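Student: Fold the following and give me the result.
(chains A and B)
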Amino acid sequence: MTASTIDHLVSVTVFLAAILLFISLFNQTIQTAILYQRHRHLATACSDLLDNMLLNPGYPLDWGKTNSTPTSFGLQDPEFTQYRLSPFSLMRLQSLTGTPFTYPRTGVTYSNMSIGFGNFLFVPYTEAINYSTAAQLLGTNNTYGFQLTITPIVTVSVEETHAEDPLTLVVNVAGTGSPLSNAEVSYCFLKVADKGGQKNPSYTSLFGTTSTDGEGSAVLNIQDVDADNAYVFIAYAHMSGLVGIGYHERVTGYKEYVLPLIDSFEDRRVLLVHSYNVHDFGPPESSVFFNATFVLLTEDFTLREMPMENSTGKLGKVVYGQGTEKTYQNLTIPTYNPGILIVTYQSNNEYGVVLMPWGISSMAVPVTFGSTYPLDKEWVVTDIRQVIVNGIAYQARLSLWSLKGYGVIS
Amino acid sequence: MMRTIEILLVIIIITGAFIIASLFAVLPSPRQVSPLNIRRLALTTLQTLDGDYDLSATVFKANDDPAWAQLQIALSACLPPNMVYNLTVYEVQGGGQLYTVIKSISNAESLGVSSDAASSLVASSNVTFSVTPEKIGGSQGGGVTLYILNCSDSYGWWITGYTAQSLAGDLYRLLSPYFGTTVMVQNTTQLGQILNGTAIQGETVQNAVVINTVGEAVPIPSGYYASTGVGYDSSHTSYARYCYVLGTKVRAFNWTWASIVGYPLYYVSNAGLFPNDQNDWGIYGMKQVGPAGLNAFLQGIDGQDYTYNGNWITDETGVVYLSSDASYYCNYYGIYPSPYQTATRALPDSILTAYHLSVTSYIFNKVSNWIAGAVYRNAYQGSFLALGLTRTPDIRLTGLGLLCAYKPRLYRSEYTVNGTSRLVVLQLGQAGGV
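Tutor: Residues are numbered from 1 along each chain as shown, chains lettered A, B, ... in the order given. Purely as a prediction, here's the structure:
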């Protein structure tokens, strides 16, 4: 009787222990399978969402060229099919990376998509599409978080290796995987003429073409340039359907310059403001005189200057003070074709050039839009597409994560 | 002791079950868990490379042309460094073997454990692809005549926003390629001429298609066709009798009469004939006939005797949708009107039996017993296209309805003719990992 009881007790104990052990083992297998399915689902959703953004232009179709908020979100260029994106819709996305700033004269806060000194792109928050709006329009709010990155495939870097007589510039062209040898390069060189005094600067321009060597480099020697001349060099490289852009400026002063701020997409209006409104370097606070021009990339990959009438506000001056003089100037870009606004300036014998893209493609501006990467999410999926933005090759990458917890994760 | 042994046996069985289940429950490789959509990447890479038709130009060049090396450089440059690829170009040809390999470029011997591919058919820049439409009735001679009523002395009604002349011009551009001869009927005198069976420009009057561009009104020639007992019903002070004559002419000449919008034949219009009359809505040069016009026309097309009948026969059906046939031919002919329209003058299907009509093609799906748009054919001869939609008219629907009824073929240049097209297949794989 005692033996039977002990037998019974031992067997029940062992049985219960074994059952618990096997439940745990089977549970791990099932948990792995469920997670696999969840992750697969997230990957599919990522691919679908990316196509949804890139293959529809949104509504209104030309919302990128207006000041209105779209009622449907999409980045496709309405004039094209396939993966061709609108350079203006992309320009209206609120940048995740740049530090925003507020222009004190108007109180407007700007999204900062600039890429270093002299290559400015500021879009007012009132006209930029923010992440929560896009998520609502896409139907992902409270379900998925995402980050969209649009980066140029071809990188064109310009390096100054000799300062004068001749000015020597080395242009390096590379893709994401390797350099682009034997690529055609067309360029535009603008030199600011030293005029001195309280005058609008003038400039001389030079256009030309060259090609890269086997290592993707091209060397250019430009005559009649002194070490104290300010200039800007813009180069487009293209080969077998891939097009990229690079630029380089030299300025003689970094304190007093002109800052272009987009004011209205619909009216193509840009505000030109004094740099002291952004960085106060202390006295002197001289007026800055400017002379603006606009260049386009033509279908044969050459750069062409587009004439601007005086009524567009291409000539003028900006001041820092609060007196009767205007602290900023309005400038109207003459076209909706993407191009580059080039503003030459002079102040206190300091000369320089600043650039602003009109449409992100014209200066190959990268765009990062969406939410920051979450640290507490166990799985983030990405998918990529090759896209074309007004002829410039870009890569679109979408990172997606679920905002809902997984019950199987402890 | 027996119980313990039994439990041990149970544990052995469950362990076996777990091991066997684990063997079958193969966990996916890390790459499969969150796959990159390689097929889409391949497709968009091909589209990017062909963005300015560079890819199309390169694949038709000789195999030793430097452009191939540039293509390979561009391919390597635009793909992520961990991607291996194989790009193969095939010649597309007819006959037995459809695809022949022209050239293949790759950056690795193997594409790894898994790969995916996308293809693109590119056309040679030296070839022009064209579409030649078949002429309606071309098998019986020079093809059917299209008459477009573009009468300068007739005003329109319910063509708000357009003029009859602009609609006529649009119709000419849309439909004239499908007809042997297209004649713009410039005034009501010329209309009277064709009603007499006399050609205007030497065209064939028999079997023609006549499109009335003045909406709910219809041009009426002065003189004989407006005279009492011919076009004018003096006992009812109505020109419904003229509509009856039109019906008889449609029957006699085997015409297809097209009404583009609203209630067909609701007014008669001639600025010279009715200088002081207006259509009850303030448009001078026009007289209202009312529903009697359509009833008389249907009597005429069916060869019945004329009887004045002023009963309203249409109804509002609201939103109507293109029929499946019409949707199919939208794609075939490349005409894309809005797939849904508003019908306020849909005809009852009772006219089919009353006037011995059959529907040769539905433009819109039937709603209950109401037909918003269709082409009707009389059992003897003569056809009638009626679009009972509200204003303003979409002239493409008339074109679509006629093409649905006649179904002329389109002869397209073949993309598979030797030397005109090449198929580019880009296969991608991921290097490294499992």
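Student: which residues touch the nearest residue to residue B:248 once chain neighbours are set aside?
Tutor: What sits nearest to residue B:248 in space, not counting adjacent residues and going by CB to CB, 6 or more residues apart in numbering or on different chains, is residue B:300, at 4.2 Å. For glycine as for every other residue, the C-beta is placed from the backbone atoms N, C-alpha and C. Shown in contact with residue B:300 (CB atoms under 8 Å, 6 or more residues apart in numbering or on different chains): B:243, B:244, B:245, B:246, B:247, B:248, B:249, B:250, B:251, B:306.
Student: now for those residues, which pair is the farthest apart?
Tutor: In those, two members sit farther apart than any others by CB to CB. They are B:250 and B:306, at 14.5 Å.
Student: Neighbour count: the two, which is higher?
Tutor: Between residue B:250 and residue B:306, residue B:250 has the larger neighbour count (other CB atoms under 10 Å in any protein chain shown), namely 22 against 17.
Student: mind checking how far stretch B:180-193 is from the chain centre?
Tutor: Stretch B:180-193 sits 27 Å away from the centroid of its parent chain (CA atoms, centre = their mean, to the nearest Å).
Student: what sits up against that stretch?
Tutor: The contact list for stretch B:180-193 (CB under 8 Å, 6+ apart) reads B:135-138, B:141-154, B:168, B:172, B:175-176, B:194, B:200-201, B:203-204, B:219-225, B:270, B:272-273.
Student: Which of those residues fall in strands?
Tutor: Using DSSP state E, the subset of those located in strands is B:145, B:146, B:147, B:148, B:149, B:219.
Student: With adjacent residues omitted, what lies nearest to the fourth one?
Tutor: Going back to what we said before, that points to residue B:148. Counting by CB to CB, 6+ apart, residue B:168 is the residue found nearest to residue B:148 once chain neighbours are left out, at 4.8 Å.
Student: gap between the residue of the stretch 51-200 of chain B found nearest chain A and residue B:173?
Tutor: For the stretch 51-200 of chain B and chain A, the shortest gap (CB to the nearest CB) falls at residue B:77, measuring 2.3 Å. Residue B:77 sits 46 Å away from residue B:173, going by CB to CB, to the nearest Å.
Student: Looking at those two, which one has more neighbours?
Tutor: A count of neighbours by other CB under 10 Å puts residue B:77 above the other of residue B:77 and residue B:173, at 26 against 11.
Student: Quick check, the more buried one in contact with residue A:241.
Tutor: No - counting by CB atoms under 8 Å, residue B:77 stays clear of residue A:241, with 10.7 Å between them.
Student: Point out where the stretch 51-200 of chain A drops to low pLDDT.
Tutor: A:177, A:195-197 (pLDDT under 70).
Student: Residue of it closest to chain B, please.
Tutor: Nearest to chain B, among the residues of the stretch 51-200 of chain A, is residue A:175, at 2.3 Å (CB to the nearest CB).
Student: these two touch, right, that residue and residue B:74?
Tutor: Yes - Residue A:175 is within contact range of residue B:74, at 7.4 Å (criterion: CB under 8 Å).
Student: who's in contact with the residue of the stretch 51-200 of chain A closest to chain B?
Tutor: By CB under 8 Å, 6+ apart, the contact list for residue A:175 reads A:153, A:154, A:155, A:242, B:74, B:76, B:77, B:78.
Student: Grab the nearest non-local neighbour of it.
Tutor: residue B:77 is the one closest to residue A:175 (CB to CB, 6+ apart), at 2.3 Å.
Student: next SSE after the one helix or strand the one you found maps to?
Tutor: Per DSSP states H and E: residue B:77 is located in helix B:66-78. As assigned by DSSP H and E, the chain's next helix or strand after helix B:66-78 is strand B:83-92.
Student: by contact count, what packs against that following strand?
Tutor: Applying 3 or more CB pairs under 8 Å, 6 or more residues apart in numbering or on different chains; DSSP states H and E, one finds that strand B:83-92 contacts helix B:66-78, strand B:99-106, strand B:421-430.
Student: got TSV for those, with mean pLDDT too?
Tutor: What follows is the helices and strands packed on strand B:83-92, written out as TSV (pLDDT from 0 to 100):
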stretch	mean pLDDT
helix B:66-78	89
strand B:99-106	89
strand B:421-430	90
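Student: Redo these as TSV? Include distance to residue B:406.
Tutor: Converted to TSV, the helices and strands packed on strand B:83-92 look like this (distance: least, CB to CB, whole Å):
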stretch	distance to residue B:406
helix B:66-78	47
strand B:99-106	37
strand B:421-430	31
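Student: if we compare those, which one ends up closest to residue A:109?
Tutor: The closest of those to residue A:109 is helix B:66-78. By CB to CB, the value is 36.5 Å.
Student: Give me the distance between that closest one and the centre of its chain.
Tutor: Distance of helix B:66-78 from its chain centroid, counting by CA atoms, centre = their mean, is 41 Å.
Student: for it, which positions count as buried?
Tutor: Neighbour counts over helix B:66-78 (16 or more other CB atoms under 10 Å in any protein chain shown) mark B:67, B:68, B:70, B:71, B:72, B:73, B:74, B:75, B:76, B:77, B:78 as buried.
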